[in-house]
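**Q** attaching a predicted model along with its sequence, questions to come.
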Amino acid sequence: MNAIDLTQQLIKIPSYVDPTSNEANLGEYISTYAETNLANFKVFKQKVEGDRFNVLVYNSPNPKLIISSHMDTVPPSGDINSRLSPTIKNGELFGLGAVDMKGGLACSLSAFSQLEDDYPMALLFTCDEEYY
């Protein structure tokens, strides 16, 4: 899956934090994607609070390169359903988190899935960047 298609999939998954939502479903999606598409990498879930967790995807216990991204987005304003429905207009992708940070998550995952290198590296996906 290319980065644009992956970003569209990620936008559909609510990851804002309020009494009914958080990053847990997005963390599960990322974990499953990594397990399926990053054959030489291990996936570790670090519990943070309740059902919330960080995801570490790594091919070495001593990575020399770590790319860190947060999974949460700001709460949606207006119609939640339209914010979680990715739309492309004039070649630009719109949707909750398209720029901050689901596009970055997708680029990281997509890039690592293309690597054939044994260079020691990791992806870190964290919860709670937009909140306290």
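**A** Noted; the coordinates are in hand. This is a predicted model, so every value here is computed, not measured. Numbers count the residues shown, from 1 in each chain.
**Q** residue 85 versus the residue sitting nearest the centre point of the chain, what's the distance?
**A** In the chain, the centroid-proximal residue (Cα atoms, centre = their mean) is residue 105; its distance is 4.2 Å. Note on residue 105: its distance to residue 85, by Cβ to Cβ, to the nearest Å, is 18 Å. Quick note: C-beta positions are derived from backbone N, CA and C, even for glycine.
**Q** ok, residue 30 next?
**A** Distance from residue 30 to residue 85, by Cβ to Cβ: 20 Å.
**Q** the nearest residue in space to residue 85 that is not next to it in sequence: neighbour count?
**A** Using Cβ to Cβ, 6 or more residues apart in numbering and skipping residues adjacent in sequence, the residue nearest residue 85 is residue 95, 6.6 Å away. For residue 95, the neighbour count with other Cβ atoms under 10 Å is 22.
**Q** for residue 91, same thing?
**A** 5.
**Q** now do it, the pLDDT please.
**A** pLDDT recorded at residue 91 is 94.
**Q** got it, and residue 132?
**A** Residue 132 carries a pLDDT value of 65.
**Q** next SSE after the one helix or strand residue 88 maps to?
**A** Using DSSP states H and E, residue 88 sits in strand 87-89. As assigned by DSSP H and E, the chain's next helix or strand after strand 87-89 is strand 92-94.
**Q** neighbouring strands for that following strand, and are they parallel or not?
**A** Strand 92-94 has these partner strands in its sheet, going by DSSP bridges: strand 87-89 (antiparallel).
**Q** contacts for the strand it pairs with?
**A** Identification of contacts with strand 87-89 by Cβ atoms under 8 Å, 6 or more residues apart in numbering yields 93-95.
**Q** now the residue with the largest distance to the centre of the chain: how far from residue 122?
**A** Relative to the centre of the chain, and counting by Cα atoms, centre = their mean, the farthest-placed residue is residue 90 at 24.7 Å. Residue 90 is 36 Å from residue 122, where distance means Cβ to Cβ.
**Q** next one: residue 80
**A** Relative to residue 122, residue 80 is positioned 33 Å away (Cβ to Cβ).
**Q** okay then, goodbye and thanks.
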